[in-house]
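Asks: Please find the sequence and the predicted model below.
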Amino acid sequence: MKILIKNIQELLQTRAEHLEMISGADMKLLPKIDDAFLLIEDETILAYGKMEDCPAEDQNINQVIDAQGCVVLPTWVDSHTHLVYAGNRTLEFVDRINGLSYEEIFNRGGGILNSAKKLQETSEEELYQQSKIRLEEIIAQGTGAVEIKSGYGLTVESELKMLRVIQRLKKNYPIAIKATFLGAHAFPSEYKDNHTGYIDLIVNEMIPAIARENLADYIDAFLETGYFSVEETERILEVGKKYGLRAKIHVNQFTAIGGIAACVKHNALSVDHLEIVTDEDIEVLKNSRTMPVALPTCSYFISIPYTPAKKMLAAGLPLALASDSNPGTTPSGNMNFVVATACIKMKLTPEEAINAATINGAYAMGVGTTHGSITKGKKASIIITKPLHSFYEIPYAFASNLIDTVILNGKIQPYKN
Ligand code: NIG
Ligand code: FE
């Protein structure tokens, strides 16, 4: 099966060779071809180039799409989400409008523990049904690879339930999915004064059970004042490593307590949130293999500082962007809005933001060899926009739905916004 997309106004993120990540000043450069074609064979990208080199439309080509006036780019890679959850937290949203902070709500037993209670009471089937609606929504919004965390179970049974739902989504949808175990998201109230007891449960029961069923690719913890300390996180990461789970960590969302250095020491694949970043943190990240990940729509939704992206790029660091889709701090997985918010609020250029949401996102979730760029041999997972003046319109027209067609692994997707 061959699909030819012709007359593309701008074909973005064309890379002759697979590039692991893009850092510092290089992030300003987004390679593109004007007046281009893209040829897909089965699941993969077969060829691309200028229209003058476009292959003839003969019987070898099964479908031709005329993308006159449109932009084509690789699908978004969302390397940090909590897309599987039960119910919603609309009441807490109104509480925050009325003046309560995220921390105050958590201290009253709300927040993560509120979502955990709901999830524990929800059947696996119902959880799957609720989550697949959100997965179909982000596919329609142009996401072609997504990492999904557990962490609203907080018991052996419910953590396994979440991870099994993630596996079922992975089996049933063409979007690339990686699963992350986040048992260390918050201490359940019965372990409030017995942290060691809960961490024993994580390392002695949860991790071995997850490994037995091969339910996770990565391990995460909420390394933060009032949640998991550096020492507590390190104990979990050490056991995770023994079971082959590489770390991707929530860190520096509200406070800087030396968590980034600990994550780099454990060779974390990514450190995520980073709303508070010190000069020492930046030094530690230099020369590491750890990708910093910013979640600007979380900052937007709960009114906290934005990751100091420009400062990090000026220091030569790479940066990835992800949605953090979750019921408490970011009830949206729309990567178009993430890219727009990064441009509008963090002052990334459109080129920097698109690099961060494609190639660098792919590194941060370990799918770089198959996703993140228009490269021969990579998965044919692409977005075709509606007619645009230029790709700058993607962040500029931040509330418009600019996506016309999403193709995943060479197949046009039926989901619509
Ligand atoms: O990434 N910060 C920790 N975890 C989630 C939010 C959890 C929640 O409030 O449900 C986040 O923002
Ligand atoms: Fe998160």
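Replies: Done, it's in. Residues are numbered from 1 along each chain as shown. Ligands and ions are numbered 1, 2, ... in the order given.

Asks: Please count neighbours and contacts with C-alpha atoms only from this point.
Replies: Noted.

Asks: Just the strands from the stretch 101-250 of the chain, written as ranges.
Replies: 143-149, 176-184, 218-223, 246-251 (DSSP state E, counting those that start in this stretch).

Asks: Quick one: name the residues of the stretch 1-150 of the chain near ligand 1.
Replies: 111, 112 (C-alpha under 6 Å from any ligand atom).

Asks: In terms of pLDDT, where does residue 417 sit?
Replies: What the model reports for residue 417 is a pLDDT of 82.

Asks: whoops, I mixed them up, residue 399
Replies: 96.

Asks: Could you look over the strands of the stretch 101-250 of the chain and pick the most buried one?
Replies: Ranked by mean neighbour count under mean count of other C-alpha atoms under 10 Å, the strands of the stretch 101-250 of the chain are led by strand 143-149, which reaches a mean of 29.

Asks: Given that one, what are its sheet partners and their directions?
Replies: strand 76-78 (parallel), strand 176-184 (parallel) (DSSP bridges).

Asks: in the first one, what counts as buried?
Replies: In other words, strand 76-78. Neighbour counts using 16 or more other C-alpha atoms under 10 Å place 76, 77, 78 of strand 76-78 among the buried residues.

Asks: Now flag whichever of the residues you listed is closest to ligand 1.
Replies: residue 78 (13.1 Å; C-alpha to the nearest ligand atom).

Asks: That closest one touches residue 143, doesn't it?
Replies: Yes: the criterion here is C-alpha atoms under 8 Å, and residue 78 meets it with residue 143 at 6.8 Å.

Asks: Can you name the residues bridging to the residue in the stretch 151-300 of the chain that ligand 1 sits nearest to?
Replies: With C-alpha to the nearest ligand atom, the shortest gap between the stretch 151-300 of the chain and ligand 1 falls at residue 222, namely 5.8 Å. Applying DSSP bridges to residue 222 gives these bridge partners: residue 250.

Asks: nearest spatial neighbour of residue 386, skipping sequence neighbours?
Replies: Residue nearest to residue 386 in three dimensions, not counting chain neighbours: residue 404, with 5.0 Å by C-alpha to C-alpha, 6 or more residues apart in numbering.

Asks: what's the distance between the closest residue to ligand 1 within the stretch 301-417 of the chain and residue 47?
Replies: At 3.7 Å from ligand 1, residue 328 is the closest residue in the stretch 301-417 of the chain, using C-alpha to the nearest ligand atom. As for residue 328, its distance to residue 47 is 43 Å (criterion: C-alpha to C-alpha, to the nearest Å).

Asks: separation between the residue of the stretch 151-300 of the chain closest to ligand 1 and residue 77?
Replies: Taken as C-alpha to C-alpha, the span from residue 222 to residue 77 is 22 Å.

Asks: Go through stretch 377-389 and flag the buried ones.
Replies: Those would be 377, 378, 379, 380, 381, 382, 383, 384, 385, 386, 387, 388, for stretch 377-389 by 16+ other C-alpha under 10 Å.

Asks: Ok, stretch 244-263 next?
Replies: 245-263.

Asks: sorry, back to before: the residue of the stretch 151-300 of the chain closest to ligand 1: what's it in contact with?
Replies: 184, 185, 186, 228, 249, 250, 251 (C-alpha atoms under 8 Å, 6 or more residues apart in numbering).

Asks: got it, and residue 39?
Replies: 2, 3, 4, 5, 45, 46, 47, 48.

Asks: Same list, those, but as CSV with neighbour count please.
Replies: Shown next, in CSV, are these (neighbours: other C-alpha atoms under 10 Å):
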residue, neighbour count
2, 19
3, 20
4, 24
5, 21
45, 23
46, 20
47, 17
48, 24
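
Asks: Return the member of the residues you listed nearest to ligand 1.
Replies: Scanning the contacts of residue 39 for proximity to ligand 1, where the rule is C-alpha to the nearest ligand atom, the winner is residue 45, at 33.6 Å.

Asks: Backbone dihedrals for that closest one, both of them.
Replies: The phi and psi values for residue 45, taken as degrees, to the nearest 10, are phi -80, psi 120.

Asks: so it touches residue 376, yeah?
Replies: Yes: here residue 45 lies in contact with residue 376, judged by C-alpha under 8 Å, at a distance of 5.1 Å.

Asks: circling back to that earlier point, go through the strands paired with strand 143-149 and name the closest to residue 110.
Replies: strand 176-184 (16.6 Å; C-alpha to C-alpha).

Asks: is the closest one anywhere near ligand 1?
Replies: No: Strand 176-184 does not reach ligand 1 (C-alpha under 6 Å from any ligand atom); its nearest approach is 9.4 Å.

Asks: That strand - what's its average pLDDT?
Replies: For strand 176-184, the per-residue pLDDT averages 98.

Asks: For the stretch 1-150 of the chain, which residue gets nearest to ligand 1?
Replies: For the stretch 1-150 of the chain, C-alpha to the nearest ligand atom, closest residue to ligand 1: residue 112, 4.3 Å.

Asks: since we're on the residue nearest to residue 236 when sequence neighbours are not counted, how many residues are nearby?
Replies: Spatially, and ignoring its direct neighbours in sequence, residue 236 is nearest to residue 203 (6.4 Å; C-alpha to C-alpha, 6+ apart). Residue 203: 18 surrounding residues under other C-alpha atoms under 10 Å.
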